[in-house]
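>>> using only what follows, build the 3D model:
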Amino acid sequence: MHDTPMAPVSSAAETLPALLSDSALRYADRPAMEFQGRVWTYAALNALVDRAARGLQKLGVGPGVQVGLCLPNTPYMIIYYYAVLRAGATVVNFNPLYVERELAHQITDSGTTLMITVDVPMIAAKLRAVAAATGLRHIIVCPIAGILPPLKALLYRVLRRRDIAPAPRDELHLRHADIMADTKPPAPVAIDATSVAVLQYTGGTTGTPKGAMLTHAALLANARQVAAHNSTMRPGQERTLAVLPLFHVFAMSALMNTSILIGAALILQPRFVLEDLLRVIERRRPTIFGGVPTLYAAINAACATRPRDLRSLTLCVCGGAPLPAEVRERFTELTGCRVLEGYGLTESAGVVCCQPAAGVIKDGSIGTPVPGTVVEIRDPVAPHALLPPGERGEVCVRGPQLMAGYWQQPQATADSFIDGALRTGDIGRIDADGYVFIVDRLKELILCSGYNVYPSVIEAALYRHPAVAEAAVVAVPDSYRGQAPLAFVALHPGAAATPADLQAHLAEHISKIEMPRAIEIRESLPKTPIGKLSKKELLAELAR
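Alright, predicted model coming up:
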């Protein structure tokens, strides 16, 4: 068990809208958002949020209403996120890349009646298709050209006409400009800090996605925890590059909400394009950056062929999956900036643990719990029993950032807690210094002839081979051993290795019982929208 005290914070806000109001006073003239060269100050952002909240209230948006945000990383995401909350309603984040079936399930399950999106044909068409069957009453369409600098907006309207899907003139669709037309302040709403601010749906890697109920108090707590843990952050001076999607809990909490707390400028990238990302780092000089391992590996590979100036970065965090030590070390060589590996869940409103900004970084560790968080290791078989330091068991968490439960799923909520602690489903251990190590997913544990085999151990061994860029290991049925590991690998560009080469390499690093039944080499491995390797897709492919 490990606990760190909650550090004091500068803002006394109890809700997210109050946090933005507070930062708008503290950092009024400081940049709050940057998009394609256009900049909005904190005072301007707060005014836009007020106007959007007023427009939403005129549509009947208020307490008890769920509003969907199906938005890429644009200023609209930040404006409407805080506007929905200021109106007293609940945000439901949607992945714009979802297919119709996934959109329909989440709209229906959450009770979303109003959706906010952009005038991108692919997204608009899907929402139109599911509206009637799901009870979606209105779709607010926001124009991409409306947030571009004047010259870029003109060129976009002329040269990208086919990429624009204007809002049809019908009862279903509403225009962003009409929502923003009323300049009167929104009606004040009394918001309870314990009310649900965001319904954040899980990735569905272990079944049907569930809506985690994240309260204002939980989301505020996590923003404060991240800022306190990363004590090198300078209020009013940082510049955060947000390329990870803000509809995902890690970016929403650790990048967006934390940046608003400390008065940082959010440099928004709507999608990951490697060359665009490197150009933005060189030109816009961000100081804070959040990524996943595949993103850091891609930057390393690009810089190997052409030097880049990335030394504006002073704080880089990595989440979503284990970060290979070689990737972290190479990135630090390129930038002079340490990459801090962190860990969190949808159910924890973001971050649970993170490596220290200053201090010892231990290979394979996710660092120590953020302030106010208790991490416990419990016996997976007898979960009421706590295990001592060094022993492996299920990682369980206590802290102010935990969800209130799953939306309309009391049994699933009850099953996800043990003695008041959140069960993460991850296997880990805590060392004598309080550093936490994630060994593997409890559900990904492979039982070979009665032995526990951890995919992460095999993956780490594969990454030691110089030709391996990506590795994922899954369990497959085995008539003799019960289950067996199967490895999928992608090689670095220009590198060469055969399955036999990799098997010979593994023989030097893992036991015979851990040896994969086969190694399949592919050009690339499937990934989730935030860039994590998707074992779910690999398993679905095998099932087919």
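>>> poorly predicted segments of the stretch 251-400 of the chain, please.
Across the stretch 251-400 of the chain, not a single residue meets the criterion (pLDDT under 70).
>>> kindly report the domain assignment for this structure.
As assigned by automatic domain parsing, the chain contains the domains 18-25+41-214, 239-404+419-442, 445-543.
>>> CSV for those, including distance to Glu34 and mean neighbour count?
In short, each C-beta sits where N, CA and C put it, glycine included. Listed next are the domains of the chain as CSV, based on distance: least, C-beta to C-beta, whole Å; neighbours: other C-beta atoms under 10 Å:
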stretch, distance to Glu34, mean neighbour count
domain 18-25+41-214, 9, 19
domain 239-404+419-442, 5, 20
domain 445-543, 21, 17
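>>> what's the closest of those domains to Val226?
domain 239-404+419-442 (4.6 Å; C-beta to C-beta).
>>> wait, what's in contact with Val92?
Residues counted as contacts of Val92 (C-beta atoms under 8 Å, 6 or more residues apart in numbering) are 66-69, 106, 110, 112, 198-199, 201, 211.
>>> could the domains of the chain go into a markdown table alongside distance to Ser11?
Shown next, in a markdown table, are those (distance: least, C-beta to C-beta, whole Å):
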| stretch | distance to Ser11 |
| --- | --- |
| domain 18-25+41-214 | 5 |
| domain 239-404+419-442 | 6 |
| domain 445-543 | 28 |
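>>> what about those domains, which gets the closest to Met233?
It is, among these and with distance given as C-beta to C-beta, domain 239-404+419-442, at 5.4 Å.
>>> now do the same end-to-end measure for that closest one.
The straight-line separation of the ends of domain 239-404+419-442 (C-alpha to C-alpha, to the nearest Å) is 37 Å.
>>> which of the contacts of Val92 fall in helices?
When DSSP state H is applied, the contacts of Val92 are split such that 106, 110 fall in helices.
>>> Glu238: which of the contacts of Val92 is nearest?
Nearest to Glu238 out of the contacts of Val92 is Val198 (C-beta to C-beta; 23.4 Å).
>>> quick check: the closest one touching Val91?
Yes. Taking C-beta atoms under 8 Å as the definition, Val198 is a contact partner of Val91 at 4.7 Å.
>>> now do the same contact list for Gln293.
Careful, residue 293 is Pro; it's not Gln. 318, 320-324, 327, 531.
>>> what sits against the residue nearest to Ala264 when sequence neighbours are not counted?
Distance criterion C-beta to C-beta, 6 or more residues apart in numbering; nearest residue to Ala264, sequence neighbours excluded, is Glu238 at 3.9 Å. By C-beta under 8 Å, 6+ apart, the residues touching Glu238 are 259, 262-265, 287-288, 315.
>>> so which of those sit within strands?
Among those, DSSP state E puts 265, 288, 315 in strands.
>>> adding distance to Ala133 and secondary structure as columns, could you present the contacts of Pro293 in CSV?
Below are these laid out as CSV (distance: C-beta to C-beta, whole Å; DSSP: H, G, I helix; E, B strand; the rest coil):
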residue, distance to Ala133, secondary structure
Cys318, 39, strand
Gly320, 33, coil
Ala321, 35, coil
Pro322, 40, coil
Leu323, 42, coil
Pro324, 44, coil
Val327, 44, helix
Gly531, 32, coil
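>>> what residues does the helix or strand containing Leu25 touch?
Using DSSP states H and E, Leu25 sits within helix 16-26. If you take C-beta under 8 Å, 6+ apart as the criterion, helix 16-26 is touched by 10-13, 32, 42-43, 45-46, 49, 82, 85-86, 191, 197, 216, 219-220, 223, 235-236, 257, 260-261, 263.
>>> next one: that helix to chain centre, how far?
Remark: helix 16-26 is offset 23 Å from the chain centroid, using C-alpha atoms, centre = their mean, to the nearest Å.
>>> low-confidence regions, the chain specifically.
For the chain (pLDDT under 70), the answer is 1-10, 203-207, 449-451, 480.
>>> by residue count, what's the longest helix in it?
If you go by DSSP H, the chain has its longest helix at helix 42-58.
>>> counting contacts, what elements does that one pack onto?
Where contact means 3 or more C-beta pairs under 8 Å, 6 or more residues apart in numbering; DSSP states H and E, helix 42-58 is packed against helix 16-26, strand 31-35, helix 75-86, helix 176-179.
>>> which non-adjacent residue is nearest Leu45?
Leaving out its chain neighbours, the residue that sits closest to Leu45 by C-beta to C-beta, 6+ apart is Ala32, at 4.3 Å.
>>> burial count for the one you found?
26 (other C-beta atoms under 10 Å).
>>> so who does it touch?
23, 40-42, 44-45, 78, 260, 265-266.
>>> closest one of those to Lys152?
Among the contacts of Ala32, and counting by C-beta to C-beta, the member closest to Lys152 is Trp40, at 15.3 Å.
>>> and the helix or strand hosting the closest one, how far out from the chain middle?
Secondary structure from DSSP H and E places Trp40 in strand 38-41. On the basis of C-alpha atoms, centre = their mean, strand 38-41 sits 24 Å off its chain's mean C-alpha point.
>>> I'd like to know which elements that strand is packed against.
Going by 3+ C-beta pairs under 8 Å, 6+ apart, strand 38-41 lies up against strand 31-35.
>>> how far away is the closest residue to Cys448 other than its chain neighbours from Val453?
Leaving aside its chain neighbours, Cys448 sits nearest to Arg481 (4.7 Å; criterion: C-beta to C-beta, 6+ apart). As judged by C-beta to C-beta, to the nearest Å, Arg481 and Val453 stand 9 Å apart.
>>> mind listing what Gln408 touches?
So Gln408 contacts 109, 211 (C-beta under 8 Å, 6+ apart).
>>> that one in helix, strand or coil?
coil (DSSP: H, G, I helix; E, B strand; the rest coil).
>>> skipping its backbone neighbours, what lies nearest the residue nearest to the spatial centre of the chain in space?
Taking C-alpha atoms, centre = their mean, the centroid of the chain lies closest to Phe250, which sits 3.1 Å from it. Spatial nearest neighbour of Phe250, excluding adjacent residues (C-beta to C-beta, 6+ apart): Gly319 at 4.9 Å.
>>> quick revisit: would a markdown table of the ones in strands among the contacts of Glu238 with distance to His384 be doable?
Formatted as a markdown table, those follow (distance: C-beta to C-beta, whole Å):
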| residue | distance to His384 |
| --- | --- |
| Ala265 | 47 |
| Ile288 | 40 |
| Leu315 | 39 |
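>>> of those, which is the nearest to His229?
Nearest to His229 among these, with distances taken as C-beta to C-beta, is Leu315, at 11.0 Å.
>>> cheers, nothing more for now.
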